[in-house]
Structures are given as structure tokens and as C-alpha cells.
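Visitor: please find the sequence and the predicted model below.
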Amino acid sequence: MKPSESTTVVIDVGGRYGMHPSWSGFAGDLLYLSFEPDPQEAERLRLNNTKPGFEVVDLALDKQAGERDFYITKHRGYCSFYPPNPDSEWFKIYRPGEGEIESVILVKTCALDDFAESRKLHIDFLKVDTEGSELEILEGADKQVSSNVLGIRVELHFEDIYKGMPLFPEIFNHLRARDYFFLNLDYFGRGVPRPTLFRNPNPLVPDTDRYGTLIGMDGVFLRKYDWVCQRYQGENLQFATLKYAYFCFLNSAADVALDTLMSLVKNHTFSPTTKQSKIYISLRKICTEYLGRYRVNPEDIQWQMARTTLKAIFDLELEAGNKYWELIQSL
């Protein structure tokens, strides 16, 4: 059955441990499809993830339907369509021996576009972490990526830890050509450490040093909001904007979320149906809590901006003191 317009559809390729932490706090209607080609791993995912809307799909995704060699490594988290590069910083210094190939199996593959068409899915967000084959999966999802997807979290590599794998520039250019911009990196200033003294030994002093080699991390890409406004109208635009803003909050971009919502309400009013949806109700509370942080400095101009913003988007009066907590409890 085709999900409703208010349901957020997320595709997770390579999520071996279940729902990605960035989605764990999502409170709207959700269909979260996790792709896992290994039958045993797929069953483990099903048993360990019982959250409503979470579904495991026993398929390997690629650029197109066919068959492809799949390298099984000593550490199962490093299995890939690409053979590990033992001379890379990752496998030579940081994870020696864990990329050792134990076997090679032939797996059937399909393109995400074909799967989405078979399920009549309109994909909102895509998360890809497949140890080197991220670009091929994006290419196999080009219809969805070009026409529907609002945001993408994808693993980016700056060193070929797998032989022949596409690196950061290729993925960046691929998504930039499809009207996405680089929102941020899931990065806290740490690289892959060399096996020497690199941590701050004083537990009373924050560890702010940067260290190691920058090899790879997740990057977050977002569709330009002008494209969203051209693509959708009416309630569909309202729901697309709520999903877009929620994704920004989940990926450390609250400013982009609020700016996007303000852009919407300049010319549109939320419909009664939209206001009754789970995503509207939960995002309203998230925005209220976020903007409420500025009440600690009531004389500051940012507090006035916070009040104006919440009033414009959700028609709520933001006040300090007990009235703030009364508002939060009412939501």
C-alpha cells in the first residue's frame, strides 16, 4: 500500500545495526526501510528492531539489476562490493587484519528506482553507507534522487580504503549536479588516530585537540528549498516542508529548519489536516523547545526574534518563566 503524504519514507542502505541514530527521535509517521542482503543479518535486524514503521528488505542495491561479487571480510562490518585495500591507512594502521577477505560470494542486485516503482514509493530521505558502493547506489536511484528525495546522508571517503572505490569528489559532484547542496559533515574534529599518545590525559580539561588522518565520515546533503517549492503545491508542499525542516533538526541544522519554515508561512497557511498530523505536532514542540532556550536573556534581541519566529510559524506566544513550561506541557 502506498504511504500517505504525511508519512516520511526513509531508505537506509548499509545500516547493519538498525535505525540510524539521527532518526531515533523522529515522532512523525515513518516508513523506514533497511536493506540487508545477508539473510542471517536481515533476520537479526528484524528481531532487534521492533519500532513501528521499521522494515527489513533482503536485497543488495546497486546501479542496476544483475549479479556482483561481494567480499566477506574478517570484520563483518567491512564487507563490500570492493576488495579492501590493505595498504590504506584504515586497514594498515587503524584496523589491521580486519579487512582480510574470508570468502567471495555472488549476490543478486537491483536498482533502488526499480524497487521504489514496485512498491509505489515516494522516497523522502536516503541514507547510504555501503563501504565503497555509495555512488553506484545513488546512480541506481537517480529517478528518486532527481525527482523526490529531499535529503541524503551518505558515507564519504577521502582515501581509497577499498580498491577502485569512488571518493568524495565524485559523490559531491554527482549530487551537486542534481540540485543538492552540502549541509554539513558528521564530524567533531577527530581523524583516525595513529597508535601513539593522542588523547588529552587530563579528564578535567575538555579534549579539544584534533588528531589523526581524515579518511571518511558521513556527509549530509539537502535539496535546495526553491526546488521544493517548485515541485510541490498545497498540502503536499506543507508536508514536504515539515519533513525538510525536521530532517534539518535531526542533522544539527536548526537554523536552516527555521529559515525554511519561515519561508513557507510567508505565503502559505497550514491546513487543518496538516495541523492534525503527527509531524506538525512533534515539530511544533521541537521548535518551541529550541526557541525557548533564548529566554535566559530576555533583554537580548535574539529572544525577541525567537518569539517572533514561533508566532509566525505556529501562532504560539513564547514567554519566559512558568508560562513557558505551561506552554511546553500543553504541547
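Guide: Thanks, I have it. Everything numeric in this text was worked out from a predicted model, so none of it was measured.

Visitor: now the helices: where do they sit in the stretch 151-300 of the chain?
Guide: 168-176, 225-231, 234-250, 254-265, 272-275, 278-292 (DSSP state H, counting those that start in this stretch).

Visitor: so which of these is the most surrounded?
Guide: Comparing the helices of the stretch 151-300 of the chain by mean neighbour count (mean count of other CB atoms under 10 Å), helix 234-250 ranks first with a mean of 22. Bear in mind the C-beta positions are built from the backbone N, C-alpha and C, glycine included.

Visitor: returning to that earlier point: need the helices of the stretch 151-300 of the chain in TSV (columns: distance to Gly132 and mean pLDDT).
Guide: TSV is the format used below for the helices of the stretch 151-300 of the chain (distance: least, CB to CB, whole Å; pLDDT from 0 to 100):
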stretch	distance to Gly132	mean pLDDT
helix 168-176	11	97
helix 225-231	29	96
helix 234-250	25	97
helix 254-265	29	97
helix 272-275	41	96
helix 278-292	34	96
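
Visitor: adding distance to Pro39, write the ones you listed out as a markdown table.
Guide: Formatted as a markdown table, the helices of the stretch 151-300 of the chain follow (distance: least, CB to CB, whole Å):
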| stretch | distance to Pro39 |
| --- | --- |
| helix 168-176 | 29 |
| helix 225-231 | 38 |
| helix 234-250 | 31 |
| helix 254-265 | 39 |
| helix 272-275 | 41 |
| helix 278-292 | 33 |
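
Visitor: closest one to Arg119 among the ones you listed?
Guide: helix 234-250 (18.5 Å; CB to CB).

Visitor: next one: the closest one to chain centre, how far?
Guide: 14 Å (CA atoms, centre = their mean, to the nearest Å).

Visitor: tabulate the CA atom coordinates of that helix in PDB.
Guide: Only the C-alpha atoms of helix 234-250 are listed here, as PDB (Å, rounded to 0.1, in the frame of the first residue of the first chain):
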ATOM      1  CA  GLY A 234      -0.900  23.000  -1.400                       C
ATOM      2  CA  GLU A 235      -0.800  20.400   1.400                       C
ATOM      3  CA  ASN A 236       1.900  18.500  -0.400                       C
ATOM      4  CA  LEU A 237       4.200  21.500  -0.100                       C
ATOM      5  CA  GLN A 238       3.300  21.800   3.600                       C
ATOM      6  CA  PHE A 239       4.200  18.200   4.300                       C
ATOM      7  CA  ALA A 240       7.300  18.300   2.200                       C
ATOM      8  CA  THR A 241       8.500  21.400   4.100                       C
ATOM      9  CA  LEU A 242       7.700  19.900   7.500                       C
ATOM     10  CA  LYS A 243       9.800  16.800   6.500                       C
ATOM     11  CA  TYR A 244      12.600  19.000   5.200                       C
ATOM     12  CA  ALA A 245      12.700  21.100   8.400                       C
ATOM     13  CA  TYR A 246      12.500  18.000  10.600                       C
ATOM     14  CA  PHE A 247      15.500  16.400   8.700                       C
ATOM     15  CA  CYS A 248      17.400  19.600   9.400                       C
ATOM     16  CA  PHE A 249      16.800  19.500  13.100                       C
ATOM     17  CA  LEU A 250      17.800  15.800  13.100                       C
END
